[in-house]
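Undergrad: Please find the sequence and the predicted model below.
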Amino acid sequence: MNALSIAVKDIKILVRDRGLVLQLFLLPLLFIVAFSMIMSLGDQEEAIKLPVVNLDRDGEVAQGLVEGLKSTDGIEVAEYGGEEEATAALNEGEIVRVLTIPAGFSEDVQAGRRTTLELVNSSDANAEHTTTVQEVIVGVASDFSMETQLIEAFQQMDQMMAMASPEYRVFTEVTIEEQARSQFERSREAALVSVVKRLPSNLIGERQELGTQVTVAGFLVLFAFLTAQATAQSIHDEKKVGSFRRLLAAPMSRAELLAGKMLPNFVTTLAQIIVILAAAVYLFPLVGMDKLSLGKDLVALVVLSVMVALCSSSIGVLIAALARTESQVSSISSVGLWVMGALGGAFMPTFLLGGFIEAISKLVPHSWAATAYYDLLLRGKGLADIVPELAVLAGFSLVFAIVGIWRFEFDS
């Protein structure tokens, strides 16, 4: 009851500090929104610009080729009126490549004659983009070439059957050609095979977007541990005004006293986690962000959050034990907790970085907490899957608490 009374008092003081409340609950949401938008912008690939000079504007095949290029994802076609205009733009560096469709292109293709498309690239053109453009052009052109050859084959078959009796000529040249063209057009509009881009299933399960999901998990962990500064600051303020000595004179053990100072941090951290998750589920979609999935095991999510809150509270006691002045509380909290958060994957998941960074991130509790949240929120795992992370967080909590109590100066 003594510890609870101290905790209630500290919580009332915290609630009256509007600046601290905004820092604990509004700042994490602002960080998540900002970084989610940045990551979303980074995921958007700019279309490759392909200037086109069509010298066969009235040709059916040439028109189809241009339309086919326009309908290709990742290619942005810009038509130029003539070769001189395109050449001038190429020489002045306004464009880095230009595709020229020669005059008579459609007639040559329909007649089965070989013809050539000319793709000119400047020295400044991106080699990878150039390869992509070439493959797209060859693919689209091959489709039209194949269409023409097949229709020609059907026409030859009709000529071969011309000598047959009328009752055996079920299809005429006209109906065959109409049916073939209809099928080609249908294949362009509704291809039987399509390709989608996604991340490996072992990373995000069925989810394909990482912006909101990653930033929520990362910054949730970062700010949950930053709450430890409030515990350290509260203990320092109690010592500064002398009320901590009066609490020592009260009929309570030192363990109860520290528990009373840790409990507000524990409750605040849980409240912070709830606010962040609720905002990610209900508020973020209102501003165009992805809705966060809470995973398949809510019990595991609760257990993990409780363990994170406990570890954060233990760090608060450790900081209070190590810091002797208010400036030391601020510097240790600001530098130490932010560095640990960055190292633990708050800004960029360590599993995307790999190597040395991922290895050393295991030295801080943030990494283990973030990994567990990724497992639950992104990969759809359950309580049994995050037992190792929970055990490590419990170990960190125990070590921080033991060292904090050992170094804590109750009488200062």
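TA: On my side now, so go ahead. Residues are numbered from 1 along each chain as shown.
Undergrad: quick one: low-confidence ranges for this structure?
TA: Within the chain, the stretches with pLDDT under 70 are 1-3, 6, 38-46, 142-212, 241-255, 352-354, 410-412.
Undergrad: what's the domain layout of it?
TA: The chain breaks down into these domains under automatic domain parsing: 2-42+208-407, 47-189.
Undergrad: which helices and strands does the helix or strand containing residue 106 pack with?
TA: In this assignment (DSSP states H and E), residue 106 forms part of helix 105-110. In terms of contact count using 3 or more Cβ pairs under 8 Å, 6 or more residues apart in numbering; DSSP states H and E, helix 105-110 is assigned the packing partners helix 60-70, helix 127-160. (C-beta placed from N, C-alpha, C; glycine too.)
Undergrad: Among the domains of the chain, show me which one is buried the most.
TA: Highest mean neighbour count of those: domain 2-42+208-407, a mean of 18 (counted as mean count of other Cβ atoms under 10 Å).
Undergrad: Now do the strands in this structure.
TA: For the chain, the strands defined by DSSP state E cover 48-54, 75-80, 97-101, 118-121.
Undergrad: Make CSV out of the ones you listed and add distance to residue 302.
TA: Shown next, in CSV, are these (distance: least, Cβ to Cβ, whole Å):
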stretch, distance to residue 302
strand 48-54, 48
strand 75-80, 48
strand 97-101, 56
strand 118-121, 58
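Undergrad: Which one of those lies nearest to residue 377?
TA: Taking Cβ to Cβ, strand 48-54 is the member of these nearest to residue 377, at 34.6 Å.
Undergrad: you'd agree residue 361 is up against residue 346?
TA: No - the criterion here is Cβ atoms under 8 Å, and residue 361 misses it with residue 346 at 10.4 Å.
Undergrad: about what we covered before: from the rest of the structure, what touches the helix holding residue 106?
TA: Contact partners of helix 105-110, identified using Cβ atoms under 8 Å, 6 or more residues apart in numbering, comprise 55-56, 58-63, 65, 114-115, 117, 144-145, 148.
Undergrad: what's the closest of these to residue 314?
TA: Among the contacts of helix 105-110, residue 65 lies closest to residue 314 (Cβ to Cβ), at 67.4 Å.
Undergrad: Distance check, the closest one against residue 58.
TA: From residue 65 across to residue 58, the span is 13 Å (Cβ to Cβ, to the nearest Å).
Undergrad: what does residue 407 give?
TA: When residue 407 is compared with residue 58 (using Cβ to Cβ), they lie 87 Å apart.
Undergrad: quick one on the thing from earlier: alpha carbons only: can I get the helix holding residue 106 in CSV?
TA: Provided in CSV are the C-alpha atoms of helix 105-110 (Å, rounded to 0.1, in the frame of the first residue of the first chain):
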residue,chain,number,x,y,z
PHE,A,105,7.2,0.2,-89.9
SER,A,106,3.6,-1.1,-89.8
GLU,A,107,3.7,-2.0,-93.5
ASP,A,108,6.9,-3.9,-93.1
VAL,A,109,5.7,-5.8,-90.1
GLN,A,110,2.4,-6.7,-91.7
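Undergrad: Residue numbering should commence at 4 henceforth.
TA: All set: I'll call the first residue 4, so the last point we hit is now helix 108-113.
Undergrad: any idea which of the contacts of helix 108-113 is closest to residue 277?
TA: Taking the contacts of helix 108-113 together and measuring to residue 277 by Cβ to Cβ, the closest member is residue 68, at 57.1 Å.
Undergrad: Among the contacts of helix 108-113, pick out the one closest to residue 99, please.
TA: residue 120 (17.4 Å).
Undergrad: Please look at the closest one and residue 105 and confirm they touch.
TA: Yes - applying Cβ under 8 Å as the test, residue 120 and residue 105 come out as touching, 7.5 Å apart.
Undergrad: which residues of the stretch 204-353 of the chain fall in helices?
TA: Here the stretch 204-353 of the chain has its helices, by DSSP state H, counting those that start in this stretch, at 204-207, 214-229, 231-244, 246-252, 257-281, 301-325, 329-334, 341-346, 353-356.
Undergrad: could I get these as JSON lines with distance to residue 398?
TA: Shown next, in JSON lines, are the helices of the stretch 204-353 of the chain (distance: least, Cβ to Cβ, whole Å):
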{"stretch": "helix 204-207", "distance to residue 398": "26"}
{"stretch": "helix 214-229", "distance to residue 398": "16"}
{"stretch": "helix 231-244", "distance to residue 398": "17"}
{"stretch": "helix 246-252", "distance to residue 398": "29"}
{"stretch": "helix 257-281", "distance to residue 398": "17"}
{"stretch": "helix 301-325", "distance to residue 398": "9"}
{"stretch": "helix 329-334", "distance to residue 398": "25"}
{"stretch": "helix 341-346", "distance to residue 398": "16"}
{"stretch": "helix 353-356", "distance to residue 398": "19"}
